[in-house]
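Peer 1: could you look at this predicted model? Sequence included:
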Amino acid sequence: QVQLVESGGGLVQAGGSLRLSCAASGGTFRWYPMGWFRQAPGKEREFVAVISWSGATTDYADSVRGRFTISRDNAKNTAYLQMNSLKPEDTAVYYCAADRTSIGAVVRTSPVQYEYWGQGAQVTVSS
């Protein structure tokens, strides 16, 4: 059983930056691909970014590609999401998640494939 805790959310002006952290405990974090998802009010949860267990493979939603960077430090059991050039449409609750059943270097983007979830961190971007 893996427990995930997000931190680093907050209020920022458009064009600003934030870094989210996702601290893992209670399991073998280093073997799981880690994903970031977000959910805005009235919308479905959507994929943002994913990183393979080794960090060698990443993927991003088109809406954040070139602005957001996902990374991980397996020695610290922590994943990160660096968010630059933030826009008001990035406003959402951001969740980190661990994909327990992915095989090898496969990274997946559907939230239904992720077993472990954090409680979420609010990110609000003002215009």
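Peer 2: Arrived safely.
Peer 1: drop to CA atoms for contacts and neighbour counts, all remaining ones
Peer 2: OK.
Peer 1: quick one: contacts for Ala24?
Peer 2: Applying CA atoms under 8 Å, 6 or more residues apart in numbering to Ala24 gives the contacts 2-5, 77-78.
Peer 1: who wins on neighbours among those?
Peer 2: Neighbour counts for these were taken using other CA atoms under 10 Å; the highest belongs to Leu4, which has 24 neighbours.
Peer 1: from Val125, how far off is that residue?
Peer 2: With the distance defined as CA to CA, to the nearest Å, Leu4 ends up 24 Å from Val125.
Peer 1: give me the pLDDT value at the spatially most central residue of the chain.
Peer 2: Taking CA atoms, centre = their mean as the criterion, Trp36 is the residue nearest the geometric centre of the chain, at 2.1 Å. Predicted confidence (pLDDT) at Trp36: the value is 98.
Peer 1: surely it touches Thr58?
Peer 2: No - counting by CA atoms under 8 Å, Thr58 is not a contact partner of Trp36; they are 11.3 Å apart.
Peer 1: all set now, cheers.
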